[in-house]
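Enquirer: Pasting the sequence and the predicted model now:
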Amino acid sequence: EAAVTQSPRNKVTVTGGNVTLSCRQTNSHNYMYWYRQDTGHGLRLIHYSYGAGNLQIGDVPDGYKATRTTQEDFFLLLELASPSQTSLYFCASSGTGTNTGQLYFGEGSKLTVL
Amino acid sequence: QQKVQQSPESLIVPEGGMASLNCTFSDRNSQYFWWYRQHSGEGPKALMSIFSNGDKKEGRFTAHLNKASLYVSLHIKDSQPSDSALYFCAVSSTNTGKLTFGDGTVLTVKP
(Lines give C-alpha, C1' and ligand atoms only; values in the text may rest on other atoms or scores of the structure.)
Protein backbone atom coordinates (compact mmCIF):
# COMPACT_ATOMS: atom_id res chain seq x y z
CA GLU A 1 0.00 0.00 0.00
CA ALA A 2 1.07 3.56 -0.72
CA ALA A 3 2.95 5.24 2.10
CA VAL A 4 2.51 8.92 2.92
CA THR A 5 4.30 10.26 5.97
CA GLN A 6 3.53 13.61 7.60
CA SER A 7 5.45 15.57 10.20
CA PRO A 8 4.99 16.89 12.75
CA ARG A 9 1.91 15.01 13.90
CA ASN A 10 1.07 17.70 16.43
CA LYS A 11 2.09 21.33 16.48
CA VAL A 12 1.16 24.24 18.72
CA THR A 13 2.13 27.77 17.77
CA VAL A 14 1.09 31.32 18.56
CA THR A 15 -0.66 33.86 16.37
CA GLY A 16 1.84 35.28 13.89
CA GLY A 17 4.15 32.31 14.14
CA ASN A 18 5.71 30.40 11.23
CA VAL A 19 4.80 26.78 10.64
CA THR A 20 5.99 24.26 8.09
CA LEU A 21 4.17 20.97 7.63
CA SER A 22 6.09 18.29 5.77
CA CYS A 23 4.90 15.39 3.67
CA ARG A 24 6.83 12.60 1.96
CA GLN A 25 5.48 9.87 -0.29
CA THR A 26 7.50 6.91 -1.44
CA ASN A 27 5.35 5.58 -4.26
CA SER A 28 6.47 7.62 -7.25
CA HIS A 29 3.08 9.30 -7.45
CA ASN A 30 2.80 12.38 -9.61
CA TYR A 31 0.14 14.23 -7.65
CA MET A 32 0.38 15.46 -4.08
CA TYR A 33 -2.24 17.37 -2.12
CA TRP A 34 -2.76 19.33 1.05
CA TYR A 35 -6.24 19.30 2.60
CA ARG A 36 -7.56 20.70 5.83
CA GLN A 37 -10.33 18.99 7.78
CA ASP A 38 -12.71 20.89 10.01
CA THR A 39 -15.93 19.75 11.62
CA GLY A 40 -18.83 20.66 9.35
CA HIS A 41 -16.59 21.39 6.36
CA GLY A 42 -15.24 18.02 5.42
CA LEU A 43 -11.95 18.02 3.53
CA ARG A 44 -11.05 21.23 1.75
CA LEU A 45 -8.24 21.42 -0.79
CA ILE A 46 -5.57 24.00 -0.04
CA HIS A 47 -2.89 23.38 -2.71
CA TYR A 48 -1.83 20.53 -4.94
CA SER A 49 0.95 19.66 -7.33
CA TYR A 50 1.48 17.33 -10.24
CA GLY A 51 5.25 17.23 -10.08
CA ALA A 52 8.42 18.73 -8.69
CA GLY A 53 8.36 22.51 -9.02
CA ASN A 54 4.66 22.57 -9.94
CA LEU A 55 2.00 24.16 -7.76
CA GLN A 56 -1.76 24.40 -8.28
CA ILE A 57 -4.11 26.48 -6.20
CA GLY A 58 -6.89 24.67 -4.43
CA ASP A 59 -10.18 25.92 -3.05
CA VAL A 60 -9.01 27.52 0.23
CA PRO A 61 -5.46 28.81 -0.49
CA ASP A 62 -5.51 32.10 1.44
CA GLY A 63 -2.83 32.26 4.14
CA TYR A 64 -0.98 29.22 2.83
CA LYS A 65 2.02 28.66 0.62
CA ALA A 66 3.22 25.33 -0.65
CA THR A 67 6.31 24.01 -2.33
CA ARG A 68 7.04 20.72 -4.08
CA THR A 69 10.80 20.29 -3.93
CA THR A 70 11.05 16.75 -5.29
CA GLN A 71 8.62 14.13 -6.50
CA GLU A 72 8.56 12.77 -2.96
CA ASP A 73 8.34 15.93 -0.85
CA PHE A 74 5.56 18.50 -0.51
CA PHE A 75 5.56 21.24 2.11
CA LEU A 76 2.82 23.49 3.44
CA LEU A 77 3.91 26.84 4.86
CA LEU A 78 1.98 29.14 7.15
CA GLU A 79 4.04 32.32 7.45
CA LEU A 80 1.76 34.30 9.76
CA ALA A 81 -0.39 31.72 11.49
CA SER A 82 -3.85 32.75 12.68
CA PRO A 83 -6.32 30.99 15.00
CA SER A 84 -8.59 30.32 11.98
CA GLN A 85 -5.87 27.98 10.70
CA THR A 86 -6.27 25.70 13.68
CA SER A 87 -7.21 22.47 11.94
CA LEU A 88 -6.29 18.91 11.08
CA TYR A 89 -4.15 18.87 7.94
CA PHE A 90 -3.85 15.92 5.62
CA CYS A 91 -1.36 15.28 2.86
CA ALA A 92 -2.21 12.82 0.09
CA SER A 93 -0.68 11.46 -3.08
CA SER A 94 -2.04 9.79 -6.20
CA GLY A 95 -1.59 9.09 -9.85
CA THR A 96 1.05 7.11 -11.57
CA GLY A 97 -0.79 7.68 -14.83
CA THR A 98 -4.30 8.94 -15.43
CA ASN A 99 -5.43 10.39 -12.14
CA THR A 100 -8.75 8.75 -11.46
CA GLY A 101 -8.95 10.15 -7.94
CA GLN A 102 -7.66 7.38 -5.71
CA LEU A 103 -5.76 9.29 -3.08
CA TYR A 104 -3.52 7.84 -0.40
CA PHE A 105 -3.63 9.93 2.75
CA GLY A 106 -1.16 10.40 5.55
CA GLU A 107 -2.16 10.18 9.19
CA GLY A 108 -2.66 13.91 9.59
CA SER A 109 -0.99 16.84 11.34
CA LYS A 110 -2.96 18.57 14.06
CA LEU A 111 -2.17 22.29 14.22
CA THR A 112 -3.27 24.55 17.04
CA VAL A 113 -2.74 28.31 16.74
CA LEU A 114 -3.17 30.12 20.06
CA GLN B 1 -16.41 25.50 -8.83
CA GLN B 2 -17.49 21.94 -8.08
CA LYS B 3 -19.90 21.58 -5.16
CA VAL B 4 -20.38 18.20 -3.51
CA GLN B 5 -23.14 17.79 -0.94
CA GLN B 6 -23.83 14.76 1.23
CA SER B 7 -26.84 13.63 3.21
CA PRO B 8 -27.67 12.79 5.87
CA GLU B 9 -25.07 14.41 8.14
CA SER B 10 -25.33 11.47 10.49
CA LEU B 11 -26.96 8.08 10.42
CA ILE B 12 -27.55 5.39 13.02
CA VAL B 13 -28.37 1.84 11.88
CA PRO B 14 -28.66 -1.41 13.83
CA GLU B 15 -26.09 -4.14 13.33
CA GLY B 16 -27.16 -6.18 10.32
CA GLY B 17 -29.16 -3.30 8.87
CA MET B 18 -28.82 -1.35 5.63
CA ALA B 19 -27.10 2.05 5.55
CA SER B 20 -27.78 4.41 2.64
CA LEU B 21 -25.61 7.47 2.02
CA ASN B 22 -26.38 10.12 -0.59
CA CYS B 23 -24.28 12.59 -2.56
CA THR B 24 -25.00 15.24 -5.20
CA PHE B 25 -22.46 17.13 -7.30
CA SER B 26 -22.67 20.19 -9.51
CA ASP B 27 -20.20 19.77 -12.41
CA ARG B 28 -21.65 17.80 -15.33
CA ASN B 29 -18.11 17.19 -16.60
CA SER B 30 -17.30 15.11 -13.53
CA GLN B 31 -15.83 11.78 -14.47
CA TYR B 32 -14.59 9.90 -11.42
CA PHE B 33 -16.59 9.25 -8.27
CA TRP B 34 -15.24 7.83 -5.05
CA TRP B 35 -16.34 6.92 -1.57
CA TYR B 36 -13.78 7.32 1.19
CA ARG B 37 -14.00 6.10 4.76
CA GLN B 38 -12.28 7.59 7.78
CA HIS B 39 -12.10 5.86 11.14
CA SER B 40 -11.45 7.98 14.20
CA GLY B 41 -7.82 9.05 14.50
CA GLU B 42 -6.86 7.92 11.01
CA GLY B 43 -6.54 9.40 7.55
CA PRO B 44 -9.30 8.77 4.99
CA LYS B 45 -8.98 5.62 2.90
CA ALA B 46 -10.51 4.95 -0.50
CA LEU B 47 -13.42 2.52 -0.14
CA MET B 48 -14.69 2.16 -3.69
CA SER B 49 -15.04 3.96 -6.98
CA ILE B 50 -17.68 4.15 -9.68
CA PHE B 51 -17.08 5.64 -13.10
CA SER B 52 -20.11 4.52 -15.17
CA ASN B 53 -23.82 5.00 -14.69
CA GLY B 54 -25.54 2.20 -12.83
CA ASP B 55 -24.61 0.01 -9.89
CA LYS B 56 -21.28 -1.39 -8.79
CA LYS B 57 -21.13 -4.01 -6.06
CA GLU B 58 -18.11 -4.90 -3.94
CA GLY B 59 -18.99 -7.34 -1.18
CA ARG B 60 -21.45 -5.67 1.19
CA PHE B 61 -21.00 -2.28 -0.50
CA THR B 62 -22.96 -1.08 -3.53
CA ALA B 63 -22.38 2.27 -5.23
CA HIS B 64 -24.91 3.80 -7.59
CA LEU B 65 -24.24 6.59 -10.11
CA ASN B 66 -26.66 8.68 -12.15
CA LYS B 67 -24.67 11.36 -13.96
CA ALA B 68 -27.73 12.96 -15.56
CA SER B 69 -29.23 13.51 -12.10
CA LEU B 70 -25.85 14.54 -10.66
CA TYR B 71 -26.25 11.89 -8.01
CA VAL B 72 -24.21 9.12 -6.46
CA SER B 73 -25.01 6.91 -3.48
CA LEU B 74 -23.48 4.21 -1.30
CA HIS B 75 -25.41 1.37 0.29
CA ILE B 76 -23.95 -0.85 2.98
CA LYS B 77 -25.71 -4.14 3.48
CA ASP B 78 -25.48 -6.16 6.72
CA SER B 79 -23.81 -3.25 8.53
CA GLN B 80 -21.19 -4.12 11.15
CA PRO B 81 -19.95 -2.08 14.13
CA SER B 82 -16.61 -1.85 12.33
CA ASP B 83 -18.39 0.11 9.56
CA SER B 84 -18.90 2.96 12.05
CA ALA B 85 -16.89 5.83 10.54
CA LEU B 86 -17.04 9.11 8.65
CA TYR B 87 -17.87 8.53 4.97
CA PHE B 88 -16.93 11.01 2.26
CA CYS B 89 -18.15 11.29 -1.28
CA ALA B 90 -15.44 12.64 -3.60
CA VAL B 91 -15.70 13.79 -7.21
CA SER B 92 -12.98 14.43 -9.76
CA SER B 93 -13.38 16.49 -12.90
CA THR B 94 -11.80 15.28 -16.09
CA ASN B 95 -8.00 15.42 -16.15
CA THR B 96 -7.61 18.17 -13.56
CA GLY B 97 -6.25 15.92 -10.85
CA LYS B 98 -8.44 17.82 -8.43
CA LEU B 99 -10.67 15.83 -6.09
CA THR B 100 -13.49 17.64 -4.29
CA PHE B 101 -14.93 16.12 -1.14
CA GLY B 102 -18.33 16.48 0.45
CA ASP B 103 -18.72 17.32 4.13
CA GLY B 104 -19.21 13.68 5.09
CA THR B 105 -21.77 11.42 6.75
CA VAL B 106 -21.11 9.99 10.19
CA LEU B 107 -22.32 6.40 10.29
CA THR B 108 -22.86 4.67 13.63
CA VAL B 109 -23.74 0.98 13.67
CA LYS B 110 -25.31 -0.05 16.98
CA PRO B 111 -24.67 -3.64 18.17
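Expert: Here it is on my side, so go on.
Enquirer: Tell me the residues of chain B that contact chain A?
Expert: Chain B has residues B:1, B:6, B:32-34, B:36, B:42-46, B:49, B:51, B:88, B:90-92, B:95, B:97-104 near chain A, with proximity defined as Cβ under 8 Å from any Cβ of the partner chain. C-beta: built from backbone N, CA, C; applies to glycine.
Enquirer: Run through chain B and note the low-pLDDT ranges.
Expert: Scanning chain B with the threshold set as pLDDT under 70 gives B:94-97.
Enquirer: Can you give the contact residues for stretch B:10-17?
Expert: For stretch B:10-17, contacts defined as Cβ atoms under 8 Å, 6 or more residues apart in numbering or on different chains pick out B:19-21, B:78-81, B:105-111.
Enquirer: In helices, which of the residues of chain B next to chain A appear?
Expert: Among these, none falls in helices (DSSP state H).
Enquirer: List buried residues within the contacts of stretch B:10-17.
Expert: B:19, B:21, B:79, B:105, B:107, B:109 (16 or more other Cβ atoms under 10 Å in any protein chain shown).
Enquirer: Tell me who's in contact with the third one.
Expert: Neighbour list for B:Ser79: B:13-19, B:60, B:107, B:109 [criterion: Cβ under 8 Å, 6+ apart].
Enquirer: Distance to A:His47 added to those, as JSON lines?
Expert: Listed next are these as JSON lines, based on distance: Cβ to Cβ, whole Å:
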{"residue": "B:Val13", "distance to A:His47": "37"}
{"residue": "B:Pro14", "distance to A:His47": "42"}
{"residue": "B:Glu15", "distance to A:His47": "41"}
{"residue": "B:Gly16", "distance to A:His47": "43"}
{"residue": "B:Gly17", "distance to A:His47": "40"}
{"residue": "B:Met18", "distance to A:His47": "39"}
{"residue": "B:Ala19", "distance to A:His47": "34"}
{"residue": "B:Arg60", "distance to A:His47": "36"}
{"residue": "B:Leu107", "distance to A:His47": "30"}
{"residue": "B:Val109", "distance to A:His47": "36"}
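Enquirer: what's the closest of those to A:Asp73?
Expert: The closest of the contacts of B:Ser79 to A:Asp73 turns out to be B:Leu107 (Cβ to Cβ; 34.9 Å).
Enquirer: Verify the contact between the closest one and B:Pro81 for me.
Expert: No - with contacts counted by Cβ atoms under 8 Å, B:Leu107 stays clear of B:Pro81, the gap being 10.5 Å.
Enquirer: one step back: which one among the contacts of B:Ser79 gets closest to chain A?
Expert: Nearest to chain A among the contacts of B:Ser79 is B:Leu107, at 14.6 Å by Cβ to the nearest Cβ.
Enquirer: Can you give me the distance of the closest one to A:Leu80?
Expert: Counting by Cβ to Cβ, to the nearest Å, the gap from B:Leu107 to A:Leu80 is 38 Å.
Enquirer: A:Ala92 is in contact with A:Gln102, correct?
Expert: No - in this structure A:Gln102 lies outside contact range of A:Ala92 using Cβ under 8 Å: 9.8 Å.
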